[in-house]
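Asker: how does the following fold in three dimensions:
(chains A, B, C and D)
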2 protein chains.
Amino acid sequence: MPSTLGYALLGLLARRPQTGYELAQSMRIPVGYFWSASHSQIYPELSRLEADSLVRSRVVPGPGPRDTKLYTISAAGRRALAAWVVMPAALEQSRSEELLKTYSLWLGDPVGAREMISGLRDRHHEMLSRYERIAAEIERGGPLDPATPRFFDYATLRRGLSFERHAIAWCDWLLDTLS
Amino acid sequence: MPSTLGYALLGLLARRPQTGYELAQSMRIPVGYFWSASHSQIYPELSRLEADSLVRSRVVPGPGPRDTKLYTISAAGRRALAAWVVMPAALEQSRSEELLKTYSLWLGDPVGAREMISGLRDRHHEMLSRYERIAAEIERGGPLDPATPRFFDYATLRRGLSFERHAIAWCDWLLDTLS
DNA sequence: ATATACATGTAACAAGTTACATGATTTA
DNA sequence: TAAATCATGTAACTTGTTACATGTATAT
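Answerer: The predicted model follows:
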């Protein structure tokens, strides 16, 4: 049984065949906006997926100095992924360092505390702008059919937008209340 | 320098002295609603904090069969925590298995997909109810002074409330659009 | 000349989860 | 009498991050 990262990779490969390098690039913007990984995690995981026959690879000459391995999802991989997505998701206790800091913020000096929160606000705003640009791009592509991958790109993006908006609203409320 | 978990423990101990066991209980509802840990992580971390003189412990006879160690935050611990909370929080790429599943949901069968999302909705709703009960309890305690730990309990709880409400709204939108 | 992109991998470390280990007291 | 609570710890394992390693082609 693949790890969660394995399913992330299968999800990317179910859309189109990619090399390990491309997958690592793809995941710099997190898959579904909520799952990232670095190349050092990805390469070994691809080997495991291949050992389990969930993906196949073939060596193709790339533009770079090295040959690249192009990975393709197998029928078994597609089945495994389709079964996984409909299984109830594990209850997640989302860890958040910013909330943990907030929990002890009564100890910090008031000026520094305000700056910390307003820095948070800025970063959330930056993320929101990025998401809004992507959303505009998706929406330019015409009507969304809820049976296509593109619709689910949009669905996960909406969650990102919502997440950032409520984070900003919370920062604003806190800054307001603290003053 | 303590780990993030170390700061979570310092945050709890800054409010009142507690034993390792009590800290483990406290963290079953995540600190600030967004940071949890199990006892097997907590005990070694307390030893490290004590080695760094950020906390002190004294053995007291407990109700159980074993002596318990009561931990108290030191002045140095308080300083370290106060410095940490105002430092800019690391940009977090919140991982979410449910969003990762959503990303590949176009592959799953439509009935199972709906059930998965509606199961999500249920669980978020349960969390929301729990948070609302806690909020009511805090609000019953009278006006909130933004210089007290209690205010920051409330502040982090508000983020939890907002998080669950947005998650539910998103599930509703998705269920609606999929049908 | 220097940096960036290409391209894949391993090693060392940090963080987090699950299971193992012990054993008295209270509650159902 | 069986289960839950109290109470602290270690061991094994999984996951994730940062650093190490190599070396060409292209753009500035």
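Asker: and the residue of chain A nearest DNA strand C?
Answerer: A:G62 (2.3 Å; Cβ to the nearest atom of the strand). Just so you know, the C-beta spots here come from the backbone N, C-alpha and C atoms, and that holds for glycine as well.
Asker: correct me if wrong: that residue contacts A:T19.
Answerer: Yes: here A:G62 reaches A:T19: they are 7.2 Å apart, a contact under Cβ atoms under 8 Å.
Asker: out of the two, which sits in the busier spot?
Answerer: Between A:G62 and A:T19, counted using other Cβ atoms under 10 Å in any protein chain shown, A:T19 has the larger neighbour count: 19 against 14.
Asker: can you tell me the closest non-neighbouring residue to that one?
Answerer: A:T68 (4.4 Å; Cβ to Cβ, 6 or more residues apart in numbering or on different chains).
Asker: do the same with A:D109
Answerer: Here the residue nearest A:D109, using Cβ to Cβ, 6+ apart, is B:V86, at 6.8 Å.
Asker: what do you get for A:F163?
Answerer: B:H166 (6.9 Å).
Asker: for the one you found, grab the count of nearby residues.
Answerer: So B:H166, with other Cβ under 10 Å, has 18 neighbours.
Asker: and it, how close does it get to A:L107?
Answerer: 29 Å (Cβ to Cβ, to the nearest Å).
Asker: kindly report the same for A:E92.
Answerer: From A:E92 to A:L107 the distance is 28 Å (Cβ to Cβ).
Asker: the two - which one has more neighbours?
Answerer: A:L107 (22 against 14).
Asker: who touches both of A:G62 and A:T19?
Answerer: Residues touching both A:G62 and A:T19 by Cβ atoms under 8 Å, 6 or more residues apart in numbering or on different chains: A:T68.
Asker: residues in contact with the closest residue in space to A:I73 that isn't next to it in sequence?
Answerer: Of all residues not flanking A:I73 in the chain, A:L13 sits nearest, at 4.1 Å (Cβ to Cβ, 6+ apart). When contacts are counted by Cβ under 8 Å, 6+ apart, A:L13 touches A:L23, A:V55, A:Y71, A:T72, A:I73, A:G77.
Asker: can you give me phi and psi for the residue nearest the centre of chain A?
Answerer: Nearest to the geometric centre of chain A sits A:P30, at 2.5 Å (Cα atoms, centre = their mean). A:P30 has phi and psi values of phi -60, psi 140 when expressed as degrees, to the nearest 10.
Asker: which residues does it contact?
Answerer: Contacts of A:P30 (Cβ under 8 Å, 6+ apart): A:S36, B:Q93, B:R95.
Asker: name the nearest residue to the last one, sequence neighbours excluded.
Answerer: Closest residue to B:R95 in three dimensions, ignoring its sequence neighbours and counting by Cβ to Cβ, 6+ apart: A:W35, at 5.5 Å.
Asker: thought the one you found was touching A:M27?
Answerer: Yes: if you go by Cβ under 8 Å, A:W35 and A:M27 touch, sitting 7.5 Å apart.
Asker: identify the contacts common to those two.
Answerer: Common neighbours of A:W35 and A:M27 (Cβ under 8 Å, 6+ apart) are A:A8.
Asker: please parse chain A into its domains.
Answerer: A:4-85, A:97-178 (automatic domain parsing).
Asker: sorry, back to before: in PyMOL, select just the buried ones from the contacts of A:L13.
Answerer: Those of the contacts of A:L13 that count as buried under 16 or more other Cβ atoms under 10 Å in any protein chain shown are selected in PyMOL with:
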select buried, chain A and resi 23+55+71+73+77
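Asker: out of the contacts of A:L13, which sit inside strands?
Answerer: With DSSP state E as the criterion, strands contain A:V55, A:Y71, A:T72, A:I73 from among these.
Asker: can I get those in TSV with distance to B:E137?
Answerer: Output for the ones in strands among the contacts of A:L13, formatted as TSV (distance: Cβ to Cβ, whole Å):
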residue	distance to B:E137
A:V55	51
A:Y71	52
A:T72	55
A:I73	50
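Asker: closest to chain B out of the residues you listed?
Answerer: Among the ones in strands among the contacts of A:L13, A:I73 lies closest to chain B (Cβ to the nearest Cβ), at 9.9 Å.
Asker: quick one: the helices in chain A?
Answerer: A:4-13, A:20-26, A:39-51, A:75-85, A:97-103, A:110-140, A:149-178 (DSSP state H).
Asker: now those as CSV including mean pLDDT?
Answerer: Shown next, in CSV, are the helices of chain A (pLDDT from 0 to 100):
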stretch, mean pLDDT
helix A:4-13, 98
helix A:20-26, 95
helix A:39-51, 97
helix A:75-85, 98
helix A:97-103, 96
helix A:110-140, 96
helix A:149-178, 97
